[in-house]
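1. here is my input; please provide its structure:
(one chain, ligands or ions: 1)
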Amino acid sequence: MTAIADSIAGGEIGGRLWFYANYHCNLRCAYCLTESAPQVNRRELGREQIVERAREGKELGFTSLGVTGGEPFVLDYMPELIATLGSELPTLVLSNGTVFNDRRLGEMEPLAELPVKVQISLDRPDPDANDEMRGPENFRKVVEAVPRLVERGIGVRIATTLEDPEADPHGMERLCELHRAMGVPDQDHVVRPIVNRGRAATNDMGVLAGLEQLEPELTLTADGAFYSPFGPTVRGGELDTDMLVSRTTSPVREPAKMLARIAGNRPAGNDASIGIR
Ligand code: SF4
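-> Numbering: from 1, shown residues only. Modelled structure (predicted):
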């Protein structure tokens, strides 16, 4: 067993190894942590690098993988990459759910045979309220895409991000009825608050999240390794580096060791309750 596997087994660091595939996106959500939009710098990590580092991570003892962005599925190679990752370890890929045309859905069919889940954002049970934060037609596209993934046997989770997840229990119940009707069970519905970083900070939204509130989960990007998938955020076009663990991401063992050291030095009693899971 490696020292990293020990840290994961002991709960000092999370078992999921995250990748920021890219920073560009077809949407421009009001609370986006990475200020993603169609024209931003892509800052792609790269297909080969992701596969290499995922395999290294598996050898070190990481137990699952996560892919986020930006919108990962604006990259043509994403379905094939997720299939490769899913054949190594259980893989979660985050998506806005708006780029799944017939061709892309066909390319994704092999994911049904693998321990892969596609986590799609849906915040509200009504189009107007949902689209206020995420842009026109978002609701319609998501409620079309989710059943089409489910009917192909592809694992889907729904992620709901709200300013105050407790504020509207009736709306939440209606949203739960909707995801159940689309074939997504309760255990695959995750709810989290907006985090006050990136565009959310500019728009004065969300809860503050520092090292104390976040689970240490090694997150690799084109710009280096970070403490959490909430770390490599962008504000005013500049990458936030307050959660940068190391500028190098290879070999993965090095940033993983640094993350374990940082996590080990955290004061006791941290509330690591905000996670992308
Ligand atoms: S929150 Fe997600 S879907 Fe919205 S702009 Fe950012 S990366 Fe794109």
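2. report the closest residue of the stretch 51-200 of the chain relative to the ligand.
-> Asn96 (3.5 Å; CB to the nearest ligand atom). Glycine gets a C-beta too; all of them are placed from N, C-alpha and C.
3. how about that residue, phi and psi?
-> phi -90, psi -10 (degrees, to the nearest 10).
4. isn't it right up against Ile120?
-> Yes - using CB atoms under 8 Å, Asn96 is in contact with Ile120, at 7.1 Å.
5. okay, and the common contacts of these two?
-> Val142 (CB atoms under 8 Å, 6 or more residues apart in numbering).
6. tell me which of those two has more neighbours.
-> Asn96 (28 against 24; other CB atoms under 10 Å).
7. the more buried one and Leu208, how far apart?
-> When distance is defined by CB to CB, to the nearest Å, Asn96 is 25 Å away from Leu208.
8. Gly135 contacts Asn26, correct?
-> No - Gly135 lies out of contact with Asn26 (CB under 8 Å); the separation is 9.0 Å.
9. ok, back up a step: let me see the contact set for the residue of the stretch 51-200 of the chain closest to the ligand.
-> By CB under 8 Å, 6+ apart, the neighbours of Asn96 are Cys25, Asn26, Leu27, Cys29, Glu71, Ile120, Ser121, Arg134, Asn138, Val142.
10. next, give phi and psi for the residue nearest to Leu85 when sequence neighbours are not counted.
-> Distance criterion CB to CB, 6 or more residues apart in numbering; nearest residue to Leu85, sequence neighbours excluded, is Thr91 at 4.5 Å. Per-residue torsions, Thr91: phi -130, psi 130 (degrees, to the nearest 10).
11. about what we covered before: so which of the contacts of Asn96 belong to helices?
-> In helices, defined here by DSSP state H, the members of the contacts of Asn96 are Arg134, Asn138, Val142.
12. switch the residues you listed over to CSV; also include neighbour count and distance to the ligand.
-> As requested, these are exported to CSV (neighbours: other CB atoms under 10 Å; distance: CB to the nearest ligand atom, whole Å):
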residue, neighbour count, distance to the ligand
Arg134, 24, 6
Asn138, 23, 8
Val142, 24, 11
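13. can you list those residues in a markdown table and add distance to Asp168 and pLDDT?
-> As requested, the ones in helices among the contacts of Asn96 are arranged in a markdown table below (distance: CB to CB, whole Å; pLDDT from 0 to 100):
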| residue | distance to Asp168 | pLDDT |
| --- | --- | --- |
| Arg134 | 17 | 95 |
| Asn138 | 19 | 96 |
| Val142 | 19 | 98 |
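14. mind giving me CSV with those and columns for distance to Arg180?
-> Output for the ones in helices among the contacts of Asn96, formatted as CSV (distance: CB to CB, whole Å):
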residue, distance to Arg180
Arg134, 21
Asn138, 20
Val142, 15
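15. just checking, Lys117 is part of a helix?
-> No - counting by DSSP: H, G, I helix; E, B strand; the rest coil, Lys117 is not found in a helix; it is strand.
16. I'd say it and Asp188 touch.
-> Yes - here Lys117 reaches Asp188: they are 7.2 Å apart, a contact under CB under 8 Å.
17. anything in contact with each of those two?
-> Gly155, Val156, Arg157.
18. neighbour-wise, which of those residues leads?
-> Val156 (23 neighbours).
19. doesn't it lie inside a strand?
-> Yes - Val156 forms part of a strand when assessed by three-state DSSP.
20. what sits against it?
-> Lys117, Val118, Gln119, Ile120, Val146, Leu149, Val150, Met182, Gly183, Val184, Asp188.
21. strands - which of those residues land there?
-> Of those, the ones assigned to strands by DSSP state E are Lys117, Val118, Gln119, Ile120.
22. for the third one, what are its contacts?
-> The one in question is Gln119. So Gln119 contacts Leu92, Val93, Leu94, Ser95, Val156, Arg157, Ile158, Ala159, Val190, Ile276 (CB under 8 Å, 6+ apart).
23. which SS state does the second one fall under?
-> Using three-state DSSP, the structure places Val93 in strand.
24. hang on, isn't it packed against Pro72?
-> Yes - counting by CB under 8 Å, Val93 sits close enough to Pro72 to count as a contact (5.7 Å).
25. shared neighbours, the two?
-> In contact with both Val93 and Pro72: Met78, Ile82, using CB under 8 Å, 6+ apart.
26. what segments of the stretch 1-150 of the chain are strands?
-> For the stretch 1-150 of the chain, applying DSSP state E, counting those that start in this stretch gives strands covering 16-20, 64-68, 91-95, 116-121.
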